[in-house]
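K.L.:
please work out how this folds:
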Amino acid sequence: MEFFHSKGTCSLLTGGMCGDIYLIDQGVNTHPRYTCIKVPKPLKNVSDTETANRFVRELKLQLSFYYNQFVHWAYDFDSAFNVPIASFRYWGNDLGNIIRTSQSSQVTKLSIMVYTCIGLRHCYNKGLVAHQDLKPSNIFIQNIKNDFSGLPDLDIYDFAIVADFGLANAFIDYKVYDGERPYMSPEQWDKCELSQASDIFALGVIFFELITDGFHPVGI
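P.N.:
Below you'll find the predicted structure:
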């Protein structure tokens, strides 16, 4: 925790399958004021060393998907007590919040779909076989109007950023087929070979929820 407090005021933002994310408030005189630090999460029946190795693998994989504005990236790396740490920009919004608030126009929703697909296509061209954990909370939203002034009045400025590659290609490297249950493809449930089509299944569910303001295709 000394490492976190040296960066600023720290609070746990969320805990995922593969890592915990802490929100760091760097102070009102810092831009950007908020940043995120992700650390590996202890895994059942996996040693601390292997857990750290899997986390480093995730970071290397994510770096290979770099250089696309619709893909989340780490801007700094460090370690504390032999625990690897990655720093990310905090965007303050995600697709899950967009769905819950139901305040976006149809043009905004359609543009978010397009941006998500562009980001994923870039990742596939860089070696991603299956993300395995696509869900609304893993698609961050960057509002470009907050960063640039003088833009025309259009509903296309909520940029989608594909994030969290902790389970990316995990079925290949670790024979792990896990994902977020409401979005898992049939082949994930059956532990069969995955592909880009597995992510397309998840995208279909996500986009259905987005267009219908939160309804799951099968009613859950």
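
K.L.:
going forward, measure contacts and count neighbours with C-alpha atoms only.
P.N.:
Fine.

K.L.:
in the protein, where is pLDDT below threshold?
P.N.:
1-8, 12, 15-17, 220 (pLDDT under 70).

K.L.:
which residues of it fall in strands?
P.N.:
Using DSSP state E, the strands of the chain run over 9-15, 19-25, 34-40, 74-80, 83-89, 139-143, 158-162.

K.L.:
OK, contacts around Ile144?
P.N.:
For Ile144, the contacting residues are Tyr157, Asp158, Phe159, by CA atoms under 8 Å, 6 or more residues apart in numbering.

K.L.:
and these, which is closest to Asp78?
P.N.:
Ranked by distance to Asp78 (CA to CA), these are led by Phe159 at 28.2 Å.

K.L.:
related to what we said a few turns ago, ranking the strands of the chain by burial, who's on top?
P.N.:
Scoring the strands of the chain by mean neighbour count under mean count of other CA atoms under 10 Å gives strand 158-162 as the most buried, with a mean of 25.

K.L.:
how about residues contacting it?
P.N.:
Contacts for strand 158-162 (CA under 8 Å, 6+ apart): 69-72, 95, 108, 111-113, 115-116, 119-120, 138-144.

K.L.:
repeat that with 7 Å
P.N.:
70-72, 108, 112, 115-116, 119, 138-144 (CA atoms under 7 Å, 6 or more residues apart in numbering).

K.L.:
and stretch 192-200, by the same measure?
P.N.:
With CA under 7 Å, 6+ apart, stretch 192-200 has contacts from Val129, Ala130, His131, Gln132, Leu134, Ser185, Glu187.

K.L.:
what's the longest helix in this protein?
P.N.:
helix 106-125 (DSSP state H).

K.L.:
mind giving me the packing neighbours of that one?
P.N.:
With contacts taken as 3 or more CA pairs under 7 Å, 6 or more residues apart in numbering; DSSP states H and E, helix 106-125 sits against strand 158-162.
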